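1. Next input, structure requested:
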Amino acid sequence: MSKLNARSPFYINYSTPTAPVVAYDCTVANLTGFAVDQEGVITEPNVERGVFKSFTSSAGDFANDKFATVSTDTSRTITVTIQIPTGFSNSSDGTFTCTATATQIAKVTSGSTPSCIPGPTTNGTISTQTIASGGNTVTIDLTAKFNNATKFSVFNYHPALFNAVVSGTNLILSSGNSGGSGNAYVRANDNGINTCSVQQRVPVTVTVSSALDCTTANLTGGTATAAGAVTEPTLIGGTIASFSLDSSGSPTATSVTENTGSASRSVTVYFNITVGSEYTNAGATLVCPKAILQAGTALPTFTCDIAGLSGQGIFTNGQINVGKARVGTITDYTLVGSTEKSFTEVTTAVTRNVSFTITPPAGEYSSDSAIVCPNSSGLPIVQQPASATCGTVLYFGNDRGEVDESDFCQSGAAYPREFKVLSSAPIIRQAKGHTVCYADQDTNAAQGVFQGNDLYYVVDISKNLTDITQRALSNTQFNAFILWRVNNGIIQEVWEWNCSAGGDGSGNQIQ
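-> Next up is the predicted model:
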């Protein structure tokens, strides 16, 4: 698929991965952001390449997706299961495991910075919340479950099963379309410093009263290499036991027929699915067809269209924010017409031109040589004066931009919302015309205008690490997310979008 947006200074092109050469490993996965707070609650790591699936730990005090509290700082390690993306020699393995390590700090129980006396405490426990599948909800009054608490946040490790959000002092749980059990954790604080806190586990069971079929199984993804190795699709409500090239599901196969042509092609594969225990036909075998894309033998040419620049900008002090490339790695940049690596501060807004050197992933394209994007003339970027006005409202986004609002559901990216920005918009859904600035990721201080390059960005009111595409379970309310289109630091449009309809998803422009 190739798209051109007249607003954008460059093309975005999605190219079918072909002819894998290198193996997927933990270096390629590049796990970042893993953390464990003083209550033992885990912040899931981000995966740079691949799709986060689940995590576990062999620690003796690890249970229900968290660690126990500790009296001394303790090193914690989790094992993460990742879905291997296409384009690697071991993509047919389906998943890969990597470890992530972080230090869990000792639980604060006293002191004056701030004082934890009386501090927040739990009030009883939260019982198992049983919810019927299909978008049903349950609301829990958190003031009845905690004492001396004024701030609440929630961690949900099973977003494909249910959604969990805090609204004021209420926890709202919404079921997806599959059945099963999982956990969420609510953290309660007595102030904004988030030092004195307690947590409660929220066990959730989603029940179903229907049989699983090929429609509700929702087979998603799946590819084949030119040699015929198959990467199985993901699904809901069961597991893939085997696959066949015959509609009866038998005989089973270990690969599809080799594609000797240079172009990719569609191949229909019949997957034998064992139904999960939460359905009325538990244990049965379904034979479900799925058309998957099989790569050809030709390696594509790496271009700036494929690389896809996003997030580039200039801070008010003249330093360059190199942003990201959708594919490949930005290894250098050039200020057009200058040998320096930064600009001087300005008193009025000035348009600068910067070109970026991008190195493609090794072995995936016809050449491993770096290219200059968007071209030698550079990308025009507005440098705002040091006195530029930035808002003070903190939002959390993903600095990967997309050309169209319909590009998020099938891009293969997770879009965790953890990149801090500041805006003058007091309400996320009423942000059109307001400014957006970079925020220091540690201090939250304004760092200059977020250019945006006229792309769309996922944005949230709080840190949110869930994968928006994995939450697409045929329920519009369950999977809605907010998009801002940003250009030269100004929010041009506000959209609500969701992936639940499949394909490109659907939504509407709010402003």
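2. What sits closest to I42 if chain neighbours are left out?
-> Excluding its sequence neighbours, the residue lying closest to I42 (Cβ to Cβ, 6 or more residues apart in numbering) is V36, at 5.6 Å. The C-beta positions use only the backbone N, C-alpha and C, and glycine is treated the same way.
3. give the contact list for the one you found.
-> Neighbouring residues of V36 by Cβ atoms under 8 Å, 6 or more residues apart in numbering: 42-43, 67, 76, 102-104.
4. cutoff 6 Å now
-> V36 makes contact with 42, 76, 102, 104 under the criterion Cβ atoms under 6 Å, 6 or more residues apart in numbering.
5. Give me the phi and psi angles of it.
-> phi -130, psi 120 (degrees, to the nearest 10).
6. ok, back up a step: want to throw the contacts of V36 into TSV with secondary structure and distance to C26?
-> Formatted as TSV, these follow (DSSP: H, G, I helix; E, B strand; the rest coil; distance: Cβ to Cβ, whole Å):
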residue	secondary structure	distance to C26
I42	strand	18
R76	strand	17
A102	strand	16
Q104	strand	22
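7. how about those residues in JSON lines, adding neighbour count and pLDDT?
-> Shown next, in JSON lines, are these (neighbours: other Cβ atoms under 10 Å; pLDDT from 0 to 100):
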{"residue": "I42", "neighbour count": "24", "pLDDT": "84"}
{"residue": "R76", "neighbour count": "20", "pLDDT": "93"}
{"residue": "A102", "neighbour count": "18", "pLDDT": "89"}
{"residue": "Q104", "neighbour count": "22", "pLDDT": "88"}
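8. of those residues, closest to A480?
-> Nearest to A480 among those is I42, at 25.5 Å by Cβ to Cβ.
9. From A106, how far out is that closest one?
-> 17 Å (Cβ to Cβ, to the nearest Å).
10. Now tell me which helix or strand of this structure has the poorest mean pLDDT.
-> strand 12-13 (a mean of 36; mean pLDDT, DSSP states H and E).
11. Next secondary structure element downstream of that one?
-> helix 26-29 (DSSP states H and E).
12. so where's the stretch 401-511 of the chain uncertain?
-> 410-412, 469-479, 500-503 (pLDDT under 70).
13. how about 80 then?
-> 405-406, 409-414, 447-449, 451, 453-454, 463-480, 488, 498-508, 510-511 (pLDDT under 80).
14. now the strands: where do they sit in it?
-> 419-423, 436-439, 446-449, 455-460, 481-487, 490-498, 506-509 (DSSP state E, counting those that start in this stretch).
15. Now render those as CSV, adding distance to Q129 and mean neighbour count.
-> Below are the strands of the stretch 401-511 of the chain laid out as CSV (distance: least, Cβ to Cβ, whole Å; neighbours: other Cβ atoms under 10 Å):
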stretch, distance to Q129, mean neighbour count
strand 419-423, 32, 22
strand 436-439, 35, 25
strand 446-449, 41, 23
strand 455-460, 23, 24
strand 481-487, 24, 23
strand 490-498, 23, 19
strand 506-509, 29, 14
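16. Save those strands as TSV, and put in distance to A241 too.
-> Converted to TSV, the strands of the stretch 401-511 of the chain look like this (distance: least, Cβ to Cβ, whole Å):
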stretch	distance to A241
strand 419-423	40
strand 436-439	48
strand 446-449	52
strand 455-460	35
strand 481-487	34
strand 490-498	31
strand 506-509	33
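17. which residues in the protein form helices?
-> 26-29, 214-217, 304-307 (DSSP state H).
18. Out of these, indicate the one that is most buried.
-> helix 304-307 (a mean of 22; mean count of other Cβ atoms under 10 Å).
19. pLDDT on that helix, on average?
-> When pLDDT is averaged over helix 304-307, the result is 84.
20. Mind giving me the packing neighbours of it?
-> Of the remaining helices and strands, none touches helix 304-307 by 3 or more Cβ pairs under 6 Å, 6 or more residues apart in numbering; DSSP states H and E.
21. ok, for Q199, nearest residue in space, not its chain neighbours?
-> E39 (4.3 Å).
22. burial count for that neighbour?
-> Look at E39: counted by other Cβ atoms under 10 Å, it has 20 neighbours.
23. Roughly how far does it sit from Y185?
-> 8 Å.
24. residues shared between the contacts of those two?
-> Q199.
25. Let me know which of the strands of the stretch 401-511 of the chain is the nearest to V166.
-> strand 455-460 (12.5 Å).
26. okay, now the closest residue to F419 other than its chain neighbours: neighbour count?
-> In this structure, F419 finds its nearest non-sequential neighbour in D399, 4.7 Å apart by Cβ to Cβ, 6+ apart. For D399, the neighbour count with other Cβ under 10 Å is 19.
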